[in-house]
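Enquirer: return atomic coordinates for the entry below.
(one chain, ligands or ions: 1)
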Amino acid sequence: MSKHVLAQNQYGKAENRIVKVTRKGGDGSWHEIRDLNVSVALRGEFRDVHLTGDNANCLPTDTTKNTVYAFGKEHGIESPEAFGILLARHFVSSQAPIREAQIRIEEFAWERIPVPTRKEQHSFVRKGQEVRTAQITYSETTGLQVVSGLKELTVMNSTDSEFHGYIKDEYTTLQEAYDRILATKVTARWAHSALAADDAGHDWDRSYRKVRKHLLEAFAETYSYSLQQTLHQMAERVLDHCPRVNEVRLNLPNKHHFLVDLEPFGLGNDHEVYFAADRMYGLIEGTVHRDGVQPVIATSDWITA
Ligand SMILES: O=c1[nH]c(=O)c2[nH]c(=O)[nH]c2[nH]1
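Expert: Prediction:
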């Protein structure tokens with residue numbers, strides 16, 4: 001008998017790196033690549049596994065790893081979300097003790113290196129911008145939940161940003177800014193409605209491109225009086241244009257740029273030369289969701305610049 005309470009628990013193989021090559025064209029010489037990092041977490045009837053050492057309900061983490069690779073071959077990888085949905089549904093529907101499965105995916109994008117002199121196209125350069133993310137949770141009782149996202153998308157406005165009118169107490173030294181650089185490395189997550197999650201024909205890649213575009217456009221077009229205001233505008237823009245997205249959470253580190261004092265050298269500095277500080281940084285985080293919708297995206301994840 002346990003003296004204490006076994007609370008939330010989950011297990012599975014984390015960070016399964018899978019690269020799927022799809023051969024297209026009549027002779028298969030046109031290659032397409034999907035490069036994922038897939039983590040599996042299973043939840044369910046695992047009390048005995050923890051308390052008594054009885055593994056009758058335990059599907060080995062090694063098996064969950066094998067399933068990721070076998071599914072890559074058998075079903076292909078249409079998108080991170082579609083692949084995650086297949087896996088999550090499989091674990092829950094194939095083993096009675098597994099009541100809920102959560103699949104977390106990072107996708108690394110590759111861009112074709114066109115080689116005009118040859119028909120075969122199998123050369124790629126890793127795209128240096130963001131990492132795409134997806135978190136798929138399938139539960140026997142509550143169904144499917146899909147949260148898409150991106151991280152490490154670094155953006156900058158070299159003007160149209162001010163910050164003033166804030167509280168000033170005995171510790172405040174910050175000078176008010178009427179023209180500053182606003183830069184951040186965006187981590188964004190957005191939750192899809194049940195309608196989208198359950199729609200077998202949903203185009204997840206198209207939806208991703210659309211949300212990304214609206215996040216960037218809102219960042220660029222907002223005349224900002226704080227990164228908080230920019231955050232809100234970015235999330236609002238996505239909810240306004242993407243009817244199947246219910247909730248947006250943004251984590252925005254304020255990548256500070258400080259004007260360098262060039263007076264010692266007899267030089268002026270009219271917003272031209274900045275020192276880009278990599279830390280410490282302000283960290284601005286928030287969720288915006290449709291009225292009447294229960295937010296589902298974790299607020300406790302620790303996201304750093
Ligand atoms: O956009 C900003 N929001 C803040 O809350 C803040 N605080 C600070 O020192 N600089 C900034 N900038």
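Enquirer: any low-confidence regions in this structure?
Expert: For the chain, the stretches with pLDDT under 70 are 1.
Enquirer: neighbours of the nearest residue in space to residue 229 that is not next to it in sequence, just the number please.
Expert: Computed as Cβ to Cβ, 6 or more residues apart in numbering, the closest residue to residue 229 that is not its neighbour in sequence is residue 222, at 7.0 Å. In this view, the C-beta of every residue, glycine as well, is placed from N, C-alpha and C. Counted with other Cβ atoms under 10 Å, residues neighbouring residue 222 total 20.
Enquirer: please apply the same query to residue 266.
Expert: 6.
Enquirer: ok, residue 78 next?
Expert: Neighbours of residue 78 using other Cβ under 10 Å come to 15.
Enquirer: phi, psi for the closest residue to it other than its chain neighbours please.
Expert: Once flanking residues are discounted, residue 78 sits nearest to residue 204: 7.6 Å by Cβ to Cβ, 6+ apart. The phi and psi values for residue 204, taken as degrees, to the nearest 10, are phi -70, psi -30.
Enquirer: tell me which parts of the protein are close to the ligand?
Expert: Taking Cβ under 6 Å from any ligand atom as the measure of proximity, the chain contacts the ligand at 163, 174, 226, 227, 228, 254, 282.
Enquirer: okay, and which of these map to strands?
Expert: Judged by DSSP state E, the residues of the chain next to the ligand include 254, 282 as members of strands.
Enquirer: farthest-separated two in the residues of the chain next to the ligand?
Expert: Distance extremes for the residues of the chain next to the ligand: the farthest pair is 174 and 228 at 15.1 Å, using Cβ to Cβ.
Enquirer: domains of this protein?
Expert: 1-140, 142-305 (automatic domain parsing).
Enquirer: the residue nearest to residue 229 contacts residue 235, correct?
Expert: No. Applying Cβ atoms under 8 Å, one finds residue 222 not in contact with residue 235, separated by 11.4 Å.
Enquirer: next up, the contacts around whichever residue of the stretch 51-200 of the chain sits closest to the ligand.
Expert: The stretch 51-200 of the chain approaches the ligand most closely through residue 163 (4.4 Å), counting by Cβ to the nearest ligand atom. Contact analysis of residue 163 by Cβ atoms under 8 Å, 6 or more residues apart in numbering lists 176, 177, 180, 225, 226.
Enquirer: run the last query once more with 7 Å
Expert: Residue 163 makes contacts with 177, 180, 225, 226, as judged by Cβ atoms under 7 Å, 6 or more residues apart in numbering.
Enquirer: same deal with residue 232?
Expert: So residue 232 contacts residue 288 (Cβ under 7 Å, 6+ apart).
Enquirer: switch the cut-off to 8 Å
Expert: By Cβ under 8 Å, 6+ apart, the residues touching residue 232 are 286, 288.
Enquirer: give the buried residues for the helix or strand hosting it.
Expert: Residue 232 is part of helix 227-241 when elements are defined by DSSP states H and E. Residues of helix 227-241 classed as buried: 227, 228, 230, 231, 232, 233, 234, 235, 237, 238, 239 (neighbour count, 16 or more other Cβ atoms under 10 Å).
Enquirer: stretch 134-152 now?
Expert: Buried residues in stretch 134-152, defined by neighbour count with 16+ other Cβ under 10 Å: 134-139, 144-151.
Enquirer: what's the closest of those residues to residue 27?
Expert: Distances from residue 27 to the buried residues of stretch 134-152, taken by Cβ to Cβ, are shortest for residue 134, at 32.5 Å.
Enquirer: chain neighbours aside, what residue packs nearest to that closest one?
Expert: residue 80 (4.0 Å).
Enquirer: my read: residue 149 touches residue 136, true?
Expert: No. The criterion here is Cβ under 8 Å, and residue 149 misses it with residue 136 at 11.7 Å.
Enquirer: what about the strands in the stretch 51-200 of the chain?
Expert: For the stretch 51-200 of the chain, the strands defined by DSSP state E, counting those that start in this stretch cover 98-108, 110-112, 124-126, 131-139, 143-157, 182-192.
Enquirer: would JSON lines of those strands with distance to residue 32 be doable?
Expert: Putting these into JSON lines (distance: least, Cβ to Cβ, whole Å) gives the following:
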{"stretch": "strand 98-108", "distance to residue 32": "13"}
{"stretch": "strand 110-112", "distance to residue 32": "9"}
{"stretch": "strand 124-126", "distance to residue 32": "10"}
{"stretch": "strand 131-139", "distance to residue 32": "16"}
{"stretch": "strand 143-157", "distance to residue 32": "20"}
{"stretch": "strand 182-192", "distance to residue 32": "24"}
